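Undergrad: fold the following for me, if possible:
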Amino acid sequence: MPPLLSTLLFALVFIGMTSPYGHASSNDGHDTAPRIISTNVCIDNILINIFGTEHVVAVSNLVDDALYSQVKFLDPSIERISFDAEEIFRLKPSLVLISNFSNHRVVNMLKDSGVNMVTVPFATKLSDISKNIQIIGTALKQHAKAKIAADAIDQHIGETMPDAGVFALHVTSNNYIYGKNSLIGDAIRYAGLSASDQRGFGANPGFYNSERIIASNPDYLIIDDINAGAGDTVASDGVNSPNLRDDRYHPALQAAYPAQQRIKIDPRLWSCAHQQTPQIIDIIKQGVRKQ
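TA: Alright, predicted model coming up:
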């Protein structure tokens with residue numbers, strides 16, 4: 001993690017050591033401790049890594065999945081649940097953090113039962129990260145901690161670099177291109193490179209054949225650092241990490257784009273927006289300089 005972002009986020013551990021979260025009242029009038037549930041792995045990443053686990057009684061059942069989660073370790077006493085109304089009711093939460101794409105039927109059941117819910121939207125651009133941190137911080141009444149983390153994110157992201165006329169295209173191992181409205185597309189633009197919308201992919205994210213991808217003539221192919229998602233160590237340059245499995249990509253792409261024209265990024269950085277996601281900008285810049 002870059003020094004500035006690391007220093008600012010490290011300072012968070014000294015703030016909010018005593019939770020300002022007020023106590024709820026039970027039906028018999030006695031005070032009860034808050035009971036917080038996170039229902040989405042993207043929310044888990046921000047909640048646990050920035051605000052900790054105090055009063056957290058349950059998180060999503062993907063929190064331990066190394067392909068999606070940036071949570072290194074979580075006390076097994078905190079329950080892992082699916083987005084199921086019965087499971088949530090059973091835990092008697094005082095706050096449930098949900099996504100804007102959470103199952104509407106379940107959301108309506110919770111709403112009708114008076115469950116206190118706060119929506120944390122799925123991020124499609126880097127600036128959404130600091131907004132989501134503030135949303136969670138406000139819900140937890142941890143405003144100071146949220147502000148430090150959000151400011152660190154905004155400083156790291158900075159301003160978009162001038163377009164250098166270099167085209168970088170992110171392609172998943174199954175030839176899916178996310179297009180303009182995505183975290184990876186936003187990071188490419190912040191790094192000063194032309195993104196997919198410059199070559200006709202922007203309005204139509206989806207699956208493309210290898211011939212179409214090669215015909216778009218990207219200067220760099222951004223691919224997924226597959227082994228990083230399985231728990232392997234990612235090199236600091238994000239490019240020459242050991243044991244990277246490119247074999248899941250089509251042979252035509254491998255032939256057209258040798259190692260020096262590939263930039264490898266851990267999928268956990270772009271599949272969910274969290275405090276480490278802005279590192280994508282630095283990895284792309286370093287990958288271009290490697291050539």
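
Undergrad: got the end-to-end distance for stretch 172-185?
TA: The first and final residues of stretch 172-185 sit 13 Å from each other (CA to CA, to the nearest Å).

Undergrad: what's the answer for stretch 40-60, then?
TA: By CA to CA, the extent of stretch 40-60 from end to end equals 5 Å.

Undergrad: repeat for stretch 35-42
TA: Start-to-end span of stretch 35-42 (CA to CA) is 19 Å.

Undergrad: by mean pLDDT, point me to the weakest helix or strand of the protein.
TA: The helix or strand of the chain with the poorest confidence is strand 24-25; it has a mean of 42 (mean pLDDT, DSSP states H and E).

Undergrad: how about A123, nearest residue that isn't a chain neighbour?
TA: Closest residue to A123 apart from its sequence neighbours, by CB to CB, 6 or more residues apart in numbering: A273 at 3.3 Å. C-beta here means a position set from N, CA and C on the backbone, and glycine is covered the same way.

Undergrad: so which helix or strand takes in the one you found?
TA: Assignment of secondary structure by DSSP states H and E places A273 within no helix or strand.

Undergrad: again with the one 4 residues further on
TA: With elements taken from DSSP H and E, nothing contains T277; it lies in neither a helix nor a strand.

Undergrad: so who does the closest residue to it other than its chain neighbours touch?
TA: Among residues not flanking T277 along the chain, L269 sits closest, at 5.4 Å (CB to CB, 6+ apart). The neighbours of L269, taking CB atoms under 8 Å, 6 or more residues apart in numbering as the test, are 276-277, 279-280, 283.

Undergrad: can I get those in TSV with neighbour count and distance to S69?
TA: Converted to TSV, the contacts of L269 look like this (neighbours: other CB atoms under 10 Å; distance: CB to CB, whole Å):
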residue	neighbour count	distance to S69
Q276	20	12
T277	26	13
Q279	19	16
I280	25	17
I283	24	19
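
Undergrad: nearest to D64, of those?
TA: Nearest to D64 out of those is Q276 (CB to CB; 17.5 Å).

Undergrad: so the closest one sits right up against Q70, yeah?
TA: Yes. Using CB atoms under 8 Å, Q276 is in contact with Q70, at 6.1 Å.
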